[in-house]
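> Dropping the sequence and predicted coords here.
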Amino acid sequence: MAQPAVAGESAPLEVTLAVRGRFAAGSGWTLSVPSDGSARLTISGLPKKTRSVAVSRKQFTALSRELQSVRFFELDAEYGSAVPDGSIRTLTVREGSRQKTVTLRYLRETDPHRGEIRRALRVWHLVQDWFSDPAAVDLRRYDRRILEAP
């Protein structure tokens, strides 16, 4: 597959999303997207399931723009609260020599950092939209309360 790096962009872009926890429906998963766009989705559970996900140049361009728009590399390393049986999501982006991991725990719409949380969720949702799998837990419906809170 051809390099999907954005024209004029000097640094390769890689992203990894991972969600862990105990869920009523669906399993945790990891999506690893190297700069060549040959993404791998691994869904936890028995049996573990792995499959390829194609990522286009257009999707990489949208991600690059979103990372700039939300100032991703300026976000804190962690948001939310640790709660028993809560999920943990990690979003790691590497752009050239820069790397940033943002961890999202239990999120509340009253969190004083909800503006920054929204920025991280915008990137998370953009990348999660690159695949669909009924075995993979999808927490986006819970994120809506954060994204839509005043």
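Yep, that arrived. Numbers count the residues shown, from 1 in each chain.

> Show me what the helix or strand bottoming out on mean pLDDT in the chain is packed up against.
Ranking every helix and strand in the chain by mean pLDDT, DSSP states H and E puts helix 140-147 at the bottom, with a mean of 90. Helices and strands touching helix 140-147, by 3 or more Cβ pairs under 8 Å, 6 or more residues apart in numbering; DSSP states H and E, are helix 114-128. C-beta coordinates here come from the backbone N, C-alpha and C atoms, glycine included.

> got the buried residues for stretch 90-109?
90, 91, 93, 94, 95, 100, 102, 103, 104, 106, 107 (16 or more other Cβ atoms under 10 Å).

> CA-only coordinates of that stretch in CSV, if you can.
Taking Å, rounded to 0.1, in the frame of the first residue of the first chain, the C-alpha atoms of stretch 90-109 are listed here in CSV:
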residue,chain,number,x,y,z
THR,A,90,-5.5,5.0,25.4
LEU,A,91,-4.9,7.1,22.3
THR,A,92,-1.2,7.3,21.2
VAL,A,93,-0.1,9.4,18.2
ARG,A,94,3.4,9.5,16.9
GLU,A,95,4.3,12.1,14.4
GLY,A,96,8.0,12.0,13.5
SER,A,97,9.9,12.3,16.7
ARG,A,98,6.9,13.5,18.7
GLN,A,99,4.8,11.0,20.6
LYS,A,100,1.8,11.7,22.9
THR,A,101,-0.4,9.2,24.7
VAL,A,102,-3.7,10.4,26.2
THR,A,103,-5.5,8.1,28.7
LEU,A,104,-9.2,8.4,29.1
ARG,A,105,-10.9,6.9,32.2
TYR,A,106,-14.4,7.3,33.5
LEU,A,107,-15.6,10.6,32.1
ARG,A,108,-18.1,13.0,33.6
GLU,A,109,-20.0,15.8,31.9
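
> which ones are touching the residue positioned nearest the centre of the chain?
Residue closest to the mean C-alpha point of the chain, counted by Cα atoms, centre = their mean, is residue 124 at 3.3 Å. Going by Cβ atoms under 8 Å, 6 or more residues apart in numbering, residue 124 touches 17, 89, 91, 104, 143.
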